[in-house]
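J.: From the sequence below, what's the structure:
(chains A, B and C)
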Amino acid sequence: MLKVHNLHASVDGKEILRGIDLEVKAGEVHAIMGPNGSGKSTLASVLAGNEKFTVTEGSAEFLGRDLLSMPIEDRARLGLFLGFQYPVEIPGVTMANFMKLAVNEQRKFRGEEPLTAAEFLKLMREKSAVVELSSKLTSRAVNEGFSGGEKKKNEIFQMAMLDPKLAILDETDSGLDIDALRIVATGVTKLHTPQNATVVITHYQRLLDYIVPDVVHVLYKGRIIHSGDKSLALRLEKEGYDWLINEYDK
Amino acid sequence: METILDIIRGFRAADGEVLRIDGAVAEPFAAVDPRKLRVEAAAGASARVVVVHTAPDLSVLEVELAEGAQLELTELFTAEAFAEVSVKQAARSRCRLTTVQLSSANASYRIDLDGADAENELGGVFLAAGSEHCVVKLRTGHNVADCRSNSYVKGVAGGQAVGEFSGLVYVAPDAQRTDARQQSRNILLSETARITTQPQLEIYADDVKCSHGATVGQMDAEAILYMRQRGLSESQARRLQIEGFVGDVVTRCGIEPLCGAIMELASAKMEKL
Amino acid sequence: MAENEKDILENIGEQEYKYGFTSDIETETIGKGLSEDVVRLISAKKGEPEWMTERRVAAYRHWLTLEPPTWAHLTIPPIDFQEIIYYAAPKPKKQLGSMDEVDPELKRTFDKLGIPLEEQMALAGVAVDAVMDSVSVKTTFKEVLAEKGILFCSISEALRDFPELVKKYLGSVVPYTDNFYAALNAAVFSDGSFCYIPKGVRCPMELSTYFRINAAGTGQFERTLIVADEGSYVSYLEGCTAPQRDENQLHAAVVEIVVERDAEVKYSTVQNWYPGDRQGRGGVYNFVTKRGICRENARLSWTQVETGSAITWKYPSCILAGDNAVGEFYSVAMTNNFQQADTGTKMIHIGRNTRSRIVSKGISAGRSENSYRGLVRVAKGAENARNYSQCDSLLIGDRCGAHTFPVIDVRNRTGVVEHEATTSKISDDQLFYCNQRGLSTEDAVGLIVNGYAREVLSKLPMEFAVEAQKLLALQLEGSVG
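T.: Below is the predicted model:
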């Protein structure tokens, strides 16, 4: 589904990604871990198409198409979803209005008829149940005045609405208390099918107790320096990154 | 635009030079391109008036509210009209003004709160594209004690357009317990557009609550990015953000279906910004 | 209780300025009136180079074409410019033999302000030379500056000793064409201060006109020029908290500051000129033009505490010409009785990523008029310019006026400008709360006013801040009983 080869990217002339190789297949869950500043969030942003970053080398293929040549919205319409670490507040723009436009743009992209108002409202109701998002929040402006936990739930709610092929969740667990973490993680698990894939970027093992990864990667200095199965995450939790970093820095 | 004119043809016409209002009138009044119109609301009367400017004319509007009268006045500009509006309010009167500029326009409002417990609320919006020039001038006079005013004017300028707001809150000596607020919020969309704003206070009484604020900023690039990640095109994301910014003012007249028609016209304009 | 507080608040407005004019200064004058001959005569008397004379004459000719500005929210009685004496060679003030001869009221004020004895002597006109310590302080001070290559002298000395520097910078920030009073100043300025900080030098002490207080009475048309060369730093203090006695009614000073690349200048003013009596008679007209230009990465910070003068017309401004330049304006303006102040700033953003911040705190009492007037302009090329302005007014009594006249002009879409203003009074609740905790109403008012002005006062150099704080309290003192 996603094939990344030797991806290099920089911001303001500073190289952050220095040759990423990553392959994600349908039905898989990947976890990307690594110390602060290793480039995890940059990888997510670059794949989503944030124009702040410049790709200097390498390629990325998504569903057989050249991801890097597409504008951010086309990547989204094709089925790539980025769950933001810090979802932005958009005053005055209601969730319903925003999501209706987003869902229908995606349908248009796929050559489908737009949803009627009734169909859309039904979809909203259904999907908000996935993450126990109160209907009050869906009638408010996008993320405005939402608590940290509500914002993250709202990200997963939107993911449910848009039903992506590939979801990249950037530190979706950060700042969540244990209940919110459970709700968010359960939501992600419910949405997982053999036809889609999930990449979870995280600092902590605790999220991976709920979302069990098939592959765990360690990102360091803009490269994936180690990959393993879920036991790798447990070892990292216990021993930290030093054993890997020391080996790599040698 | 035709839709709007169709809708207001169904309202009561205010086509004379003087419109006298007695008692509570539920059905809204409407005037198209009035050169001169005087609205007199008797004590305790209430009404809604819609004025549409479709031609580049001079327009003089005088509003006088007797004690306890209530008036909602909505002005829509789709052509470069010069409108001078004066509002005199007696004790306990309420006036709610809305000005929506979808083309070059020059509107100046002079509000005099002459009786205790009078209240005025003004909401304004201008969307200036191309080489348009939108001007909103406002002077709110708190001439006696215990009145309230709240004004907020939101402006968006793109292309080579110029947007100007100049507002003055005047608090007369002895106009104690005045509560006056004034806000000017603006977004510049292009390198060549220009916004000037002058929110001013002139205060001669000490027991007052007066505040004003002004901002000039740009679109929130992060919000645009966020919306694009969810599959919206850049222009959709921009329009949505502008709608979110000015929507509350555009739709504040609350007279359906007029309100929806104005919003549609405004949205069409936003696409051009 | 409530009645009492009301009286106190009213009395604050009745506060008399404690010291009137003194007129014991002997001067050598060249008669009233202004003409081209007078301008040439001033230049000749000062022994200036020819180019300077010609500049003065050009300024004078331009001035003749101008009218006094009328846009400010001020009522200015007509000024007869032919009734003014434009040249008065300063003779040393009459010197007193000891502190005992000083007006006891003045001495009390000094004590209240906590001014050290030797400075009190200097300010009161006691011959400071008699004080050994003071001489040594002054000498050490000069030695330290010389060691660093810092030039700090009067403009007259600078014209004599560093004519090229003066020629290059004088009038480069405030040209004589700027406004009516700047033109007048350029034609007839008597003297002032010149300061040059060489490249990369950090001035190790606060520079202050204070130290020259007896050396030269700078007169009514003062001219200050500060040049901070690349990467340098200086903190400059003007005026002092002690009451300023002055003969001259009209003061039209010009201050120019050039802040070169990576340099930083902090300019602090405490202005306490004679404000006139409680009926509004007399008092200084303070019509000042102050402006600085900031090159790349430069920073200029204006801080002012304005409590004196009958009329103040003053807008210390920053031209943020270079990329990443920063301009700041912190102001407390207090008016009482019939004082009028129209003061504020201009922030002109020209360079990219330029930032400015404005904090203005107006305090009006009595029948005074206090206006903030400001301009924030973001020019076309000023990408990512940022401004934040906050303008607050505090009203004491119900016969004063507090006004805010900001202009925001943005011509670049990446600019972000924010302005906020509030108006408040000292509430009965606040006073009651303080009273309940055992504070007198007078102390409570002082406390509240200082709390209100704190953000600005904290920008002043430490010693100055303490004095300014006491000054604000002192202005409000004596209102009880």
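
J.: Please count neighbours and contacts with C-alpha atoms only from this point.
T.: Fine.

J.: How much space separates the closest residue to C:Ala382 other than its chain neighbours from C:Val144?
T.: Of all residues not flanking C:Ala382 in the chain, C:Arg352 sits nearest, at 4.5 Å (Cα to Cα, 6 or more residues apart in numbering or on different chains). When distances are taken as Cα to Cα, to the nearest Å, C:Arg352 and C:Val144 turn out to be 37 Å apart.

J.: so where do the helices sit in the stretch 101-250 of chain C?
T.: C:104-113, C:117-124, C:132-148, C:155-161, C:163-169, C:180-188 (DSSP state H, counting those that start in this stretch).

J.: coming back round to it: more neighbours, C:Arg352 and C:Val144?
T.: In this comparison of C:Arg352 against C:Val144, neighbours counted by other Cα atoms under 10 Å in any protein chain shown, the higher total goes to C:Arg352 at 24 against 14.

J.: What is the least confident helix or strand in chain A?
T.: Within chain A, judged by mean pLDDT, DSSP states H and E, the helix or strand with the poorest mean is helix A:135-138; its value is a mean of 80.

J.: For that helix, which helices and strands make contact with it?
T.: If contacts are counted by 3 or more Cα pairs under 8 Å, 6 or more residues apart in numbering or on different chains; DSSP states H and E, helix A:135-138 sits against helix A:95-109.

J.: rewinding a little: ok, of the helices of the stretch 101-250 of chain C, where does mean pLDDT dip lowest?
T.: Mean pLDDT is lowest for helix C:117-124 out of those, coming in at a mean of 57.

J.: what lines up beside the helix or strand containing B:Leu76 in the sheet?
T.: Remark: B:Leu76 resides in strand B:70-77, with elements defined by DSSP states H and E. Counting by DSSP bridges, the strands paired with strand B:70-77 are strand B:46-53 (parallel), strand B:94-101 (parallel).

J.: Can you name the residues of chain B sitting close to chain A?
T.: Residues of chain B found near chain A (Cα under 8 Å from any Cα of the partner chain) are B:222-223, B:225-233, B:240-241, B:243-245, B:247.

J.: Of the residues you listed, select the buried ones using a ChimeraX command.
T.: Only the buried members of these end up in this ChimeraX selection, burial being decided by 16 or more other Cα atoms under 10 Å in any protein chain shown:
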select /B:223,225,226,227,228,229,230,231,232,233,240,241,243,244,245,247
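
J.: Narrow the residues of chain B next to chain A to those in strands?
T.: Secondary structure from DSSP state E places none of those in strands.

J.: Just the residues of chain B next to chain A: which are in helices?
T.: Within the residues of chain B next to chain A, residues falling in helices by DSSP state H are B:222-223, B:225-229, B:240-241, B:243-245, B:247.

J.: nearest to B:Ile187, of the residues you listed?
T.: The closest of those to B:Ile187 turns out to be B:Phe245 (Cα to Cα; 9.0 Å).

J.: Go ahead and confirm the closest one touches A:Ile90.
T.: No. B:Phe245 sits out of contact with A:Ile90 when judged by Cα atoms under 8 Å, with a separation of 9.3 Å.

J.: now the helices for chain A?
T.: Under DSSP H, chain A gives helices at A:40-48, A:72-78, A:95-109, A:117-130, A:135-138, A:148-162, A:178-191, A:230-239, A:242-249.

J.: which of those sits most buried?
T.: Compared across the helices of chain A, helix A:72-78 shows the largest average neighbour count, a mean of 25 (mean count of other Cα atoms under 10 Å in any protein chain shown).

J.: which one of the strands paired with strand B:70-77 is the most hemmed in?
T.: Per-residue neighbour counts averaged over each of the strands paired with strand B:70-77 give the maximum for strand B:94-101, namely a mean of 24 (mean count of other Cα under 10 Å).

J.: ok, which stretches of the stretch 351-481 of chain C are strands?
T.: Listed in chain order, the strands of the stretch 351-481 of chain C (DSSP state E, counting those that start in this stretch) span residues C:355-365, C:369-378, C:386-396, C:401-410, C:416-425.
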